[in-house]
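Asks: Pasted the sequence and its predicted model underneath.
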Amino acid sequence: MRTGSFAPFTEIDLALPDRRDGKVRHSWSCGPGRRLIVTTDRLSAFDRVLAGVAYKGQVLNELSAWWFERTADLIANHVIDVPDPNALLARSATPLPVEVVVRGHITGVTDTSIWGMYAEGRREMYGYSFPDGLRKNTQLPTHIVTPTTKAHDGGHDEPLSCTDVVERGLLDADLWERVIAAALAVFERGVDLGQQAGLILADTKYEFGLTDDGELILIDEVHTPDSSRWWVAATYVERLAAGDEPESLDKEVVRRAFADIGYKGHGPVPEVDPDVWTATTQRYVNAFERLTGDTFEPGSYPVADRLVANLQKAGLL
């Protein structure tokens, strides 16, 4: 993971009113062209915040930083520094109005997922024609890009075809082609490094943005258990043959737990067995350690306490 010198807090006005909250992170302006992004342990699925998972924010932050370094030769990103296990100093960027999901397998647990729609008999989805005879969680003939609009206020993402993105005026053709090329290249890098770690990258979500000077960059998070489906390669074939779900190291365990009790994102969030949250933490840490080759050390960086203390002093935590 990349660490380095971080501007003293006296030089950063943490009390600036420009705070932006996402489902699993907060960010604050830290001067012209840069933001401090602080991850939380909140976990979301079905476009809802469902619960808190210990160390989730740290895994998300540190693992994303690790991936940003390993894909920087493919596309620039927003990382300036990683001053804390739960914080990222980033370049400001305007997110594109399209989220890019790259899929290597046909997956999902809900009726709106690729597999859910395929199982209902649909063969035309996201502008692609899917062949007959696919089985759940099997590899697709080729990696595909399935864009969506960005969800807002708890609403679900709207599936788009690649043609829709241009025809609806969301992005111009040249920029969209660059996004597609970057997404596929980063996904291929994820597949390759995942294989070296004994993992299968089944699918993932990317977000891209434009800096103030118009540079296309990769933003948000990359190949974390929050944004990607990671399966254990050693048990994949055996479990597939038995009709079982792949052994996953991501938040799919949460989706399954809720789907098993009939919850698919609508209405009040029901309670699930507390062991689900423990299992989720274990999977997140396992993914981190397999991919990076490092031992996970909760909150080990000395700057952590200082960061929290300053955010609390500024009334931001």
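Replies: Ah, there it is.
Asks: Now do the same contact list for the nearest residue to Ala173 once chain neighbours are set aside.
Replies: Nearest non-adjacent residue to Ala173, counting by C-beta to C-beta, 6 or more residues apart in numbering: Val166, 5.0 Å away. Where C-beta positions appear, they are placed from N, C-alpha and C, glycine not excepted. The contact partners of Val166, taken as C-beta atoms under 8 Å, 6 or more residues apart in numbering, are 172-173, 176.
Asks: Among those, which one has the most neighbours?
Replies: The residue in the contacts of Val166 with the most neighbours, by other C-beta atoms under 10 Å, is Trp176 (20 neighbours).
Asks: Quick check: that one is in a strand.
Replies: No. Counting by DSSP: H, G, I helix; E, B strand; the rest coil, Trp176 is not part of a strand but helix.
Asks: Pull up the gap between Glu252 and Arg283, please.
Replies: Glu252 is 9 Å from Arg283, where distance means C-beta to C-beta, to the nearest Å.
Asks: Oops, could you answer that again for Thr224 instead?
Replies: As defined by C-beta to C-beta, Thr224 lies at a distance of 11 Å from Arg283.
Asks: still on that earlier bit, could you say which helix or strand contains the residue nearest to Ala173?
Replies: helix 162-167 (DSSP states H and E).
Asks: Let me see the mean pLDDT of that helix.
Replies: Taken as a whole, helix 162-167 carries a mean pLDDT of 96.
Asks: Pull out the buried residues from that helix.
Replies: Within helix 162-167, the residues scored as buried using 16 or more other C-beta atoms under 10 Å are 162, 164-166.
Asks: Ok, stretch 251-270 next?
Replies: 251-255, 257-259, 263, 265.
Asks: So which of the residues you listed is the closest to Glu188?
Replies: Glu252 (21.9 Å; C-beta to C-beta).
Asks: Verify the stated contact: that closest one with Arg229.
Replies: Yes. The criterion here is C-beta atoms under 8 Å, and Glu252 meets it with Arg229 at 5.9 Å.
Asks: Please determine how far Gln139 is located from Lys205.
Replies: Counting by C-beta to C-beta, the gap from Gln139 to Lys205 is 19 Å.
Asks: Between those two, tell me which one has more neighbours.
Replies: Neighbours per residue, other C-beta under 10 Å: of Gln139 and Lys205, the larger number sits with Lys205, 20 against 15.
Asks: From what I see, the more buried one and Ser228 are in contact.
Replies: Yes. If you go by C-beta under 8 Å, Lys205 and Ser228 touch, sitting 7.4 Å apart.
Asks: among the helices and strands of the chain, which one scores worst on average pLDDT?
Replies: Within the chain, no helix or strand scores below helix 303-313, which has a mean of 60 by mean pLDDT, DSSP states H and E.
Asks: On the strand side of things, show who Ala51 bridges to.
Replies: Ala51 has these beta-bridge partners by DSSP bridges: Leu43.
Asks: Make sure Val145 is indeed in a strand.
Replies: Yes. Assessed by three-state DSSP, Val145 belongs to a strand.
Asks: Identify the residues contacting it.
Replies: So Val145 contacts 100-102, 162, 180, 183-184 (C-beta under 8 Å, 6+ apart).
Asks: Could you point out the member of those residues that lies closest to Thr278?
Replies: Val101 (28.3 Å).
Asks: Pull up the pairing partners for the helix or strand hosting Val102, direction included.
Replies: Using DSSP H and E, the element containing Val102 is strand 98-105. Here strand 98-105 is paired, per DSSP bridges, with strand 139-149 (antiparallel), strand 199-210 (antiparallel).
Asks: Could you tell me the average pLDDT over the longest one, please?
Replies: By that I understand strand 199-210. 98.
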